[in-house]
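K.L.:
fold the following for me, if possible:
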Amino acid sequence: PDSDKLLIGGDRASDDKTHRIYTFTGTALNIVTSEDHTVAVNSVAWSSSGDFILVGGARSAGNITHRIYSLSGSTLTSRATGDHAETINAVAWSPGATYFAIAGDRVSGVTHRLYSFNQTTYAVGSAANGDHFDNVGAVAWHPDETYIAIGGNLVGGVTHRVYPFDTSTTYTFGTPVNASHGGEVKSIHWASDGSHLGVGGGRVSSVTHRTHRFTVTGSTLTLDHTANSDYGDVLYAVHWRPGTNYKIAAAGVRTNEITTRVYDFTASYDDRIGLYGDHRVRAEAGTFLSNIRVQGTGNTLEGTGLF
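P.N.:
Presented below is the predicted three-dimensional model:
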């Protein structure tokens, strides 16, 4: 989180390590420490303080799918382990690191789980289970910790969902708002202010990544499709730049000798806005862009903007 260390995870290397921490000097990466999950690691995450890391992946021979370590200096100390009973594809800490989420392949009607975490005693408590009805490949906490987004395979016309999460007493998922990318979602990420959600994955109708405007009115959650673009092939990662200037990065399979692109959401990204049936676009001031693509029925233009 303080930008001086890099955490990575992947297939088990020849030195029997699956995840490593490096220091970053601005010009070089120097290894600090490494550990072994014994099988492939698919996702890693720092806590907001940088004191803990969360690792998730394939199920080990010891029936472990995810691990929590504390980091002190150059030492990683195992603090907790858990078992989803199937492969984990994504992990995420809540903003305050009082909860963490795992998401992965479906097992016994569960695709994603939330746990509480005590940073002093390292105790893990089961908080809530959810079911996307097919495998989940991405999970992300809203910045205010009360909403969580998941994305995965297309099932029942849905690829990604945002749930309200009641942390007051019951620790339960509320009724989600659902949306569809049309194909598998591999990455999902919130803008820093929580106002927009970025989604990326398989290429469908020349679209690989989309953004949604997220609003809450009472107990009603809304995801309004605001923009989409085409990376050209399967997209594996989307990530908003910190701050409120709304730049979003996308990375995936090499296409046209490019693997990574950065979009300005208020300019070149917005000029690909599309309405594809039962979608809404809103302009609070100024003008709507002239090249909005409209198809299907039930689309709505809202707000005070002008053409």
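
K.L.:
low-confidence regions, the stretch 201-307 of the chain specifically.
P.N.:
Residue ranges of the stretch 201-307 of the chain with pLDDT under 70: 244, 266-307.

K.L.:
can you map out the strands along it?
P.N.:
Residue ranges of the strands in the stretch 201-307 of the chain, as given by DSSP state E, counting those that start in this stretch, are 207-217, 220-229, 235-240, 247-255, 258-264, 274-275, 280-283, 293-294, 300-303.

K.L.:
centre of the chain to the helix or strand that contains residue 114, how far?
P.N.:
Assigned by DSSP states H and E, residue 114 belongs to strand 110-117. Counting by Cα atoms, centre = their mean, to the nearest Å, strand 110-117 is centred 15 Å from the centre of its parent chain.

K.L.:
next secondary structure after it?
P.N.:
Immediately after strand 110-117, counting by DSSP H and E, sits strand 124-130.

K.L.:
other SSEs contacting that next one?
P.N.:
strand 110-117, strand 172-173 (3 or more Cβ pairs under 8 Å, 6 or more residues apart in numbering; DSSP states H and E). No exception for glycine: its C-beta is placed from N, CA and C like everyone else's.

K.L.:
what residues are up against residue 106?
P.N.:
86, 131-136 (Cβ atoms under 8 Å, 6 or more residues apart in numbering).

K.L.:
kindly recompute the last result at 6 Å.
P.N.:
By Cβ atoms under 6 Å, 6 or more residues apart in numbering, the contact list for residue 106 reads residue 135.

K.L.:
hang on, the earlier thing: residue 181: which of the helices and strands packed on strand 124-130 is closest?
P.N.:
strand 110-117 (16.5 Å; Cβ to Cβ).

K.L.:
got the angle between that closest one and strand 124-130?
P.N.:
Strand 110-117 and strand 124-130 are oriented at 150 degrees to each other (axes from the mean of the first three to the mean of the last three Cα atoms, to 10 degrees).

K.L.:
any chance of the helices and strands packed on strand 124-130 in CSV with mean neighbour count, mean pLDDT and distance to residue 54 as columns?
P.N.:
Shown next, in CSV, are the helices and strands packed on strand 124-130 (neighbours: other Cβ atoms under 10 Å; pLDDT from 0 to 100; distance: least, Cβ to Cβ, whole Å):
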stretch, mean neighbour count, mean pLDDT, distance to residue 54
strand 110-117, 22, 96, 9
strand 172-173, 18, 84, 20
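
K.L.:
let's have those in CSV, adding distance to residue 234.
P.N.:
Converted to CSV, the helices and strands packed on strand 124-130 look like this (distance: least, Cβ to Cβ, whole Å):
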stretch, distance to residue 234
strand 110-117, 21
strand 172-173, 29
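
K.L.:
do you know which of those strands lies nearest residue 66?
P.N.:
Here strand 110-117 is closest among those (Cβ to Cβ), at 9.1 Å.

K.L.:
re earlier: could the strands of the stretch 201-307 of the chain be laid out in CSV, adding mean neighbour count and distance to residue 73?
P.N.:
What follows is the strands of the stretch 201-307 of the chain, written out as CSV (neighbours: other Cβ atoms under 10 Å; distance: least, Cβ to Cβ, whole Å):
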stretch, mean neighbour count, distance to residue 73
strand 207-217, 21, 39
strand 220-229, 19, 42
strand 235-240, 21, 28
strand 247-255, 18, 31
strand 258-264, 15, 33
strand 274-275, 20, 50
strand 280-283, 18, 49
strand 293-294, 12, 53
strand 300-303, 12, 52
